[in-house]
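# sequence? don't have it. structure:
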C-alpha cells in the first residue's frame, strides 16, 4: 500500500497532558508553534528555534524533546506533556514549589523548560548528583540566574520527592 | 557664591581655571553668570534655554539632572556631567 | 519555513518509492534535529520529509547471531546509553551519543541521522569508524553496504543516491581485550559543535596493541579515518610513548580550516592532544576501567 | 529539608532592623512563572491578527539602489509591505526621553528601516505583514533589493584612520570642548575627563605599567527574543503590547519616530524574558504600528534568534589602553586611559560610562581619561549591564594585578591602600558619598575562598584572581500608585518592567513603610495609561528609585489614613501615632486593615501616590575572587570556585540580590571565556545562533558563593544601592588574573577563548 503524502492542512490526533486533542496544522509548523498558536499552550517558549536553548522542552512519549525540532505532524498518535500539565489540581509539583522557595527564577522565560526538563530527569534518576543535574540541564539556557539557585532547587525537589515516595 | 567645576575640555574658556566662583541663586542664574564672565562657555552648557541634551547638573552631590531652576546655597558646589544610562 | 510535504511510510520499500519519486527534493526524517532546522534556516531545500520512525528496520537495535549489532538508522541517542549491552560493546559510540546536543536533542537525534547529515564534525562518525561499522543502504536497485569511513564525501554530502536511504549500521562484535573512546574539544562543556573530535579503538593482548583504529572529526571536509596512526600502534605497548607516535601521525593527517569555531593552529594542536586522550580512554576501557569523558 | 538558599553571608555596616526588608518571601509573580501561565509578549494573539517579518541586509555596508516590493505584495496572504518611506521625515529633531536623549532622530529612524544605505549585516530593509509567519517569511524572499556594495569598516582602530571609508557622510565629531569638527569622519564624539596633574603624577611614579586591550562584541543574550504586537485603531489610537525594559520609553520612541501624539499611544508592558540593557529601545514596535495602520489589523512580530544577534544592540567591542603609575610602596600616583568603543552603525556607544568607571575603585589624585565613540559597520551597540564598565575595568584591574605582581604586593592590600572612599574625588564628578569598596575588599579578604589556599593538583595549572568593579546607579523618574482595599490589602501599581523580581522588592518597601505584610501588597506592572511616568528599567534603578516611590506612596497613604482616623476618632491628626502597622491615639487603635474597614464605612478609600526623581544615587562596588584551572594542552579554562562580594546598600530582597550577583558573574564568565561576535572580512556575522554564540550552560560554572555587604546609601530611606549591574564588571579581570596566576600568561583580549589562551601559552613557551 502506497504511503500517503500529506500536505496543506493535516488533521492530527494526539494526547496532550492526558487529554485527547485534535488539531489542523501544516507539516512545516513545528510542535512548538502548534502548542503555542493553535492550542494556546504558551508555557513552552521559543528562545532559539533550533534546539539550543531548551525553552520549548516538552515530553513526547516519555522522552524529553525540544518541541521546536518536532514537526506538528509527528505528534500524531503521540502523548505529549507540557508545563501546563505539571501541576495537578491538588497543587504545584514539588519542582515548582522548590523553584519558588529557592528563588530559582528571575525573568521566568526559561523556567517552564527547566521544570519540564528537571521533571524528566527526576523521573529517570530520583537521586541525581549536582553534576548530573548540571549535565542534564546543560541544554536549558538561563541568562539571569547563573544556574546556582536552579540547581539547588532541583536537588531540593529531588530530596522532597524521595522523602514523599 | 557658588563654586562651579569646569570640565577639562572647556577650561580654555576660563583661561585654564578648573573652578570658578559665580553668583547665582539657581543653576540657571549661575549658567548665565558663567556666560557673562566667560563668553561662549554658557553656550556649551545650555542650548535654547535648556541644559544641553546628555548633560546633568550635580549640586552639592545631588544629581539634579536638567532642572536649571534648582536653587543653590551660597556655598554650593556645581558640576556638569554627562548623563548616564545603564543596562 | 517553506511549505513541505510529509510522509510516514511503514516499510523500507515504501520509503524507497517515495524517495525515488521525489529525487533530491526528498529526505529521510529521523530525529529531525538537523533536517528541520536546516530547512527552516534555508540551509537545505527539502520539500518532502519522509519519516523514518514508523519503519521497524530503522528503529531496530539488536544483536545478531554472529555477535554483531544492528543499529537502525533512526534509533535515538538516548536509547543507546540506556542500553547496557550496547554501551559495554561500543563505548565510543555511546560517548558520542551522550554529548550530541542536549538531553532533549538526544531524545530524538539518531546516529544514522548524524551520519547522513555528513557534517565534518559529526560526533558519532569517528566512533563508528573506529568500530569498523558498515552502512546498510537500500535503494531502487536493491541493497548495498558501504564502510562508514567511505560514506561521507564532502561537507553535507555522502554516497546516498536519489532514492536511497540508510537503513541501519552493522557494528562488528568487538574482539576480546578491546576498548574504545571518543571525545571532542569544545569551548563550552556541552551544547557545542566539535572543534576537533577524536575516536580511538584498541585491541590489547596484555599491554601489547594488536589492533588500533583512530579517526578525527572537524579537521577535514569529511570525518577522517587515520589508518596510519592506528597501524603504527600495532605491536607497540599501550603507553604514552606509543600514543605520542600515533598522535603525531594524526596531527600530520589533519588538514583543518580556520572558521568561526576554531583556528588551524588550534585544531592541529587539538588533533594531537585529543588523539592521545582518546587512546588513553580506549586503553582504560580495554583494561576494564572507564575513562573520564573530561572536558 | 529544604536546601538553604542563603548560601552566602550578609555583612551589615548599619544597625537598622526591619520587619519586611531583608526577608525572603515568595515573589508575587512566581506562581504564574513556574506554571507557564505568565504572559510574555509572544504569548498573546489578538482577533484578526496578522504577522510581520523583517527583511534584513545581507551586506555590512552598501548603498540601496532600489527596492521593488511588487512580487512580495502579489503573494497570496501578503497584506502590506513597508520600507523606510513609511516613516515620517525625522528632519533635524533629536530623540526625547529614553536612555540616551539628544541623539539625532534620523539615526534612530534609519536603524528601524534602512534609509538609502545599510550600515551593518542584518540591518532592517523592509517589513511585511501576512496571514501567517511562514507566508511573511516567503514574501521576504520576493522583495528585490539592488545594492551597491561598499567596503566595510569593522574595527574602531580601522574606522578612526584618516583614510577610512566614512560610513555616515554627514557625521562631524562632537568634540569634548563642545565644538564640532569640520570634516566628516567615523568618530562621532570625543570625550575628556581629568582630575589633578597627570604629568606630575607619572613623574612621581617609581613604576609605570602601560598596556593595551581589545574586545570582541558581546550580546546580552536574553532568552526571550524581541517581539511586539501593535493595533492602530481608526481613530489614531495606537495600542502596543511589547517586551521592553520601559513601556514609557517605547511610548516616547513611537511618538518621536511616528510623529504621533503621545496621548494616543498606549503601551502595555508584557512579562519580559530578560533584557540586561538590550531591550531599552524599540526595534519592532514602530514596524508593527505602521503595518497595522496600513492593514487595519493587529500585527504581531517576533524576531528569531538570528535577528536578535544580528540586528539588536549588542555591547561594543573596541580598544582600551590603561597606564598606571605607582610608587614602590604601592601608592597610585597617576592614571591615564584611552577608550575607543564601537558605536555600531550609528553614533552612541557606552564609552562615556566606561571612561568614568575605569579608575573608579581607586583614589586617583591625578587621572586623565579620553574616550572615542566610533561608528563601524556593525549593529548599533547598546547598553549591556554596567555598560562600558566591564571593558574599562578589565583593563585597569589587569594592570593593577600586574603592578601587584611586579612590586610583590598582596592584591588585596594594594586595593585597600588605594581604595576610593567617602570624600575622594571621582573623575569629573562630585566627591564620593559614602561607598563600600573597602568593606567589600575586607569581606573578600575574609571570605572562605580567599582564606582557603588553592588546592593544587599534579599536572594541573591552577590559579586565583581577584578584581574590583564599580558601576553607577541612576535615578531617573519612577511612579507608584497604591490603593488601599477595604480588607487592608493594597493594590500597588508601578511602571517599572519587572525583570528580576522587582515587583516584590518594591512591594516590600511599601509594606515596610506602611507596616503591613508583603503578602498583603499586590504589585502590578501597569501600562502607560495607568500609572505615572516611569523611566526605563536600567541603570540598576528599579529597587532604588521605584522603591523610593513606593516608600513615599506608603507615607502618602499613611497620611490619608491618619487624616481619616483623626476625623473618625475626633482627634488631632498629629496626635495619632503609627508603629508596626498600628495607628493609635487616646487609647484607640487600629491596624491598617481595621483602619481600611473603618474608613470604607465613611466612604474613604486612600490612594497613596508618588512620582519621584531621586537625586542621590548609590553607586555600588563589587569584589570577585575566581579560581581557575587551565588546560595547557587545549587552552581551555575551567572555573573551579567563585566568590562574589557586593555592596548592596541594604538588600531589600536578599535571594534576588544573590540572584543578580550570580547571574552577573555567569554572564561575566561567558564574556571572559567564549562569548564574541565572529565576523568575516566582509562584515558578515557568522555565529548568529545560540549554538555558536556560546553562552555558559549549567555545566560550565560552579555554584557562585555570595557575600552581600550592606553599607547603606545615604541617598535612600532604606539605604538601597543599585545591585543589578556591577556583578558583571569584575569577572573578566578576576578570570584573567587567575589565568595569569595559573600560567604566567597575561591575556589582553576578551574573550580569552581556548584558541587564544593556547596561542598565548605557545608563544610564551
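That came through, no problem. Owing to the predicted nature of the structure, the values given are computational and were not obtained by experimental measurement.
# and the residue of chain B closest to chain A?
With Cβ to the nearest Cβ, the shortest gap between chain B and chain A falls at residue B:87, namely 12.3 Å. Every C-beta, even on glycine, is put in place using the N, C-alpha and C of the backbone.
# try the stretch 1-150 of chain C
For the stretch 1-150 of chain C, Cβ to the nearest Cβ, closest residue to chain A: residue C:102, 1.9 Å.
# isn't that residue up against residue C:190?
Yes: counting by Cβ atoms under 8 Å, residue C:190 is a contact partner of residue C:102 at 6.9 Å.
# find residues that contact each of these two.
Common neighbours of residue C:102 and residue C:190, counting by Cβ atoms under 8 Å, 6 or more residues apart in numbering or on different chains, are A:138, A:139.
# compare those two (neighbour count), which wins?
Taking other Cβ atoms under 10 Å in any protein chain shown, residue C:102 and residue C:190 do not tie; residue C:102 has more neighbours (28 against 22).
# for the nearest residue to that one once chain neighbours are set aside, the count of nearby residues, please.
With sequence-adjacent residues excluded and distances taken as Cβ to Cβ, 6 or more residues apart in numbering or on different chains, residue C:102 is closest to residue A:139, at 1.9 Å. Residue A:139: 26 surrounding residues under other Cβ under 10 Å.
# then residue D:68?
Neighbourhood size, residue D:68 [other Cβ under 10 Å]: 12.
# which residue is the nearest non-sequential neighbour of it?
Using Cβ to Cβ, 6+ apart, the closest residue to residue D:68 is residue D:144 (4.2 Å).
# so what's that neighbour up against?
Applying Cβ under 8 Å, 6+ apart to residue D:144 gives the contacts D:66, D:67, D:68, D:69, D:71.
# restricted to strands, list those residues.
Among those, the members found in strands (DSSP state E) are D:66, D:67, D:68.
# now the strands for chain A?
Ranges of strands within chain A are A:5-6, A:10-16, A:19-25, A:57-60, A:63-66, A:79-81, based on DSSP E.
# run the chain-centre distance for the first one.
So that's strand A:5-6. Remark: strand A:5-6 is offset 28 Å from the chain centroid, using Cα atoms, centre = their mean, to the nearest Å.
# so which helix or strand takes in the residue of the stretch 51-200 of chain D found nearest chain C?
Using Cβ to the nearest Cβ, the point where the stretch 51-200 of chain D gets nearest to chain C is residue D:134, with a distance of 5.9 Å. Using DSSP states H and E, residue D:134 maps to helix D:133-140.
# for residue D:734, same thing?
With secondary structure defined by DSSP H and E, residue D:734 is part of helix D:730-743.
# which helix or strand lies directly C-terminal to that helix?
With elements assigned by DSSP H and E, the helix or strand that comes after helix D:730-743 is strand D:749-750.
# give me the sheet partners of that next one and which way each runs.
strand D:207-215 (parallel) (DSSP bridges).
# pLDDT of the strand it pairs with, averaged?
Regarding strand D:207-215, the rounded mean pLDDT is 98.
# in contact with the nearest residue to the residue of chain B closest to chain A once chain neighbours are set aside, which residues?
Using Cβ to Cβ, 6+ apart and skipping the chain neighbours, the partner closest in space to residue B:87 is residue D:277 (2.6 Å). The contact partners of residue D:277, by Cβ under 8 Å, 6+ apart, come to B:85-87, D:220, D:245, D:313, D:315, D:382-385, D:387, D:538.
# a markdown table for the residues you listed, including neighbour count?
Listed next are the contacts of residue D:277 as a markdown table, based on neighbours: other Cβ atoms under 10 Å in any protein chain shown:
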| residue | neighbour count |
| --- | --- |
| B:85 | 25 |
| B:86 | 30 |
| B:87 | 30 |
| D:220 | 22 |
| D:245 | 29 |
| D:313 | 23 |
| D:315 | 31 |
| D:382 | 28 |
| D:383 | 31 |
| D:384 | 28 |
| D:385 | 29 |
| D:387 | 32 |
| D:538 | 32 |
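# ok, the residues you listed vs chain C, which is closest?
Of all those, residue D:220 has the smallest distance to chain C: 18.2 Å, by Cβ to the nearest Cβ.
# ok, which stretches of the chain are helices?
The chain I'm using is chain A. A:31-33, A:94-101, A:111-124, A:130-136, A:148-164 (DSSP state H).
# oops, wrong one, chain C.
C:12-22, C:35-40, C:77-81, C:84-89, C:91-99, C:103-106, C:111-117, C:125-130, C:227-233, C:240-253, C:264-286.
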